[in-house]
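K.L.:
this one's structure only:
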């Protein structure tokens, strides 16, 4: 096992580096030894502000070995989101690049007394307040194995935004590895001989749970590409690296749809045997396109930062219903419920819209919001964890996403999920992406407005806009269909790639757009 390739890294410029499982053990043992040498013991919060580079993966595993808490940050964050998260998390160590440290941290570092050490993965800047990681590692003479930890010891801290814009630090414990491993095997169908590519940035929970922990505990070879999305580069990577299992985001899938199936057909993707999607609901049209283009569908699944791992999925052995999230993991009890005060009433009829709720107790369930006990307690009621997502369950037990509870459009007594409207808009052959929002209306309360981007071979015209609008009215009926549709070159996105419906609505209503991080919190 030690000689087997664990991590295959591809730099932006195409340079490559490979680590066997033995290499990874040695390097992570040494990083753990460095933390111990620097005086950091059990529970020390180690923050990473890095892109997809080998040092991030080594730091993550080395931190866990040393008994520390690994806290990944998205490398594209600006100074304020970085500062807020490191302050809330009481960062003790930061590993980053010299450029990001200079631009995003140095100006306020002295205001964070908990931050004792900054490790730079590239050149030092000549200041005594930072250490060069490579040079520091050279001084480590003793490589230490894992410190003994308990299942309930804190291991990971992932930040997610709330409706106020204040980041919430979701606490995850060492027992979470049980769920990461099991879902990697049962949902992503990982086998020992797989070459696995998870495209998520490690700054987000997916990039840690399924870009580091799940593949390595399942003994696969994982591909890491430092470069950002580019359709040609991605198809080349899938072909050249002989990827067998691919886990990516609906945003990327929609961009591939936009680039056209012909580009995919120029590459030999015959090694691909399982495709999965994560991050936001996957429209049915994208699943159908995948089947036609790759000869197999994307398998959508559902989970949150708070759940720590996949809860509901289209398993490899299941028939995929395009547009459905699938069925709960073994051992996970999910229900559609109506919430009235402290009373929770599970729905007893199929396809009844309500809040998606889970029975607590799975291994990767978050154990709290850091320093916010009341906020955490408010997530639970009458023995259920309330996810804040609206969904339905059909007669076969498949779950269907409706929308975030605060995204639902209320029009003339109808509750309209944006996802339902967006999915129908994407059925039109010209549409690559879609978004739907509710706008105030004196008579109806709210009316639906749609936004679309087009596939490359189509040109934006008023005639096409009317055609898309007519298609939506035929499929949805006048009560639910958009009253208006705008064709846009691009749709606004969060840093993680999700479409920012709240920003579209703010612009339509002429409201102050405010700080981007606040808008992202409610997107």
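P.N.:
That came through, no problem. What you see is a predicted model; the values in this text were computed from it and never measured.

K.L.:
how about whichever helix in the chain runs longest: buried residues?
P.N.:
In the chain, with assignment by DSSP state H, the single longest helix is helix 21-37. Neighbour-count burial for helix 21-37 flags 21, 23-25, 27-36 (criterion: 16 or more other C-beta atoms under 10 Å). (Glycine included, C-beta is placed from N, CA and C.)

K.L.:
what about residue 40, how many neighbours?
P.N.:
Here the count is done by other C-beta atoms under 10 Å, and residue 40 has 21 residues near it.

K.L.:
Quick one: name whatever helix or strand follows the longest helix of the chain.
P.N.:
Where DSSP states H and E defines the elements, the next helix or strand beyond helix 21-37 is strand 45-49.

K.L.:
what pairs with that following strand, and is each one parallel or antiparallel?
P.N.:
Here strand 45-49 is paired, per DSSP bridges, with strand 69-73 (parallel), strand 93-96 (parallel).

K.L.:
next helix or strand past the shortest one?
P.N.:
What that stands for is strand 93-96. On the C-terminal side of strand 93-96, the nearest following helix or strand under DSSP H and E is helix 98-104.

K.L.:
Determine the set of other helices and strands touching that following helix.
P.N.:
Contact analysis of helix 98-104 by 3 or more C-beta pairs under 8 Å, 6 or more residues apart in numbering; DSSP states H and E lists helix 79-88, strand 117-120 as its packing neighbours.

K.L.:
For that helix, give me every contacting residue.
P.N.:
Applying C-beta atoms under 8 Å, 6 or more residues apart in numbering, the set of residues contacting helix 98-104 from outside is 49, 75, 77-79, 82-83, 94, 96, 118, 120, 122-125, 130.

K.L.:
Also stretch 468-483?
P.N.:
Contacts with stretch 468-483, where a contact means C-beta under 8 Å, 6+ apart, come from 411-412, 414, 416, 420-421, 424-425, 427-428, 430-431, 436, 447-450, 452, 484-485, 487.

K.L.:
So for residue 344, which of the helices and strands packed on helix 98-104 sits nearest?
P.N.:
Across those, residue 344 has its closest neighbour in helix 79-88 (30.5 Å, C-beta to C-beta).

K.L.:
Quick one: work out the angle between that closest one and strand 45-49.
P.N.:
170 degrees (axes from the mean of the first three to the mean of the last three C-alpha atoms, to 10 degrees).

K.L.:
Only the buried residues of helix 79-88, if you could.
P.N.:
Neighbour-count burial for helix 79-88 flags 81-86, 88 (criterion: 16+ other C-beta under 10 Å).

K.L.:
can you redo the residues you listed as JSON lines with distance to residue 191 and pLDDT?
P.N.:
Conversion of those to JSON lines gives the following (distance: C-beta to C-beta, whole Å; pLDDT from 0 to 100):
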{"residue": "81", "distance to residue 191": "38", "pLDDT": "85"}
{"residue": "82", "distance to residue 191": "38", "pLDDT": "91"}
{"residue": "83", "distance to residue 191": "43", "pLDDT": "91"}
{"residue": "84", "distance to residue 191": "41", "pLDDT": "89"}
{"residue": "85", "distance to residue 191": "36", "pLDDT": "93"}
{"residue": "86", "distance to residue 191": "39", "pLDDT": "97"}
{"residue": "88", "distance to residue 191": "39", "pLDDT": "95"}
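
K.L.:
As a markdown table, the residues you listed with distance to residue 244 would be great.
P.N.:
As requested, the buried residues of helix 79-88 are exported to a markdown table (distance: C-beta to C-beta, whole Å):
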| residue | distance to residue 244 |
| --- | --- |
| 81 | 36 |
| 82 | 36 |
| 83 | 41 |
| 84 | 39 |
| 85 | 35 |
| 86 | 38 |
| 88 | 39 |
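
K.L.:
Do a quick rundown of the helices in the stretch 351-500 of the chain.
P.N.:
373-377, 418-427, 462-476 (DSSP state H, counting those that start in this stretch).

K.L.:
Not counting the first one itself, show me its contacts.
P.N.:
Contacts made with helix 373-377 from outside it, assessed by C-beta under 8 Å, 6+ apart, are listed as 162, 168, 366, 368-369.

K.L.:
Keep only those of the residues you listed that are in strands.
P.N.:
Cross-referencing the contacts of helix 373-377 with the strands (criterion: DSSP state E) gives 168, 368-369 as the overlap.

K.L.:
Quick check on the residues you listed: which are buried?
P.N.:
Neighbour counting over the ones in strands among the contacts of helix 373-377 (16+ other C-beta under 10 Å) leaves 168, 368-369 as the buried ones.

K.L.:
Let me know the closest of those residues to residue 266.
P.N.:
Proximity of those to residue 266, judged by C-beta to C-beta, is greatest for residue 168, which lies at 43.8 Å.
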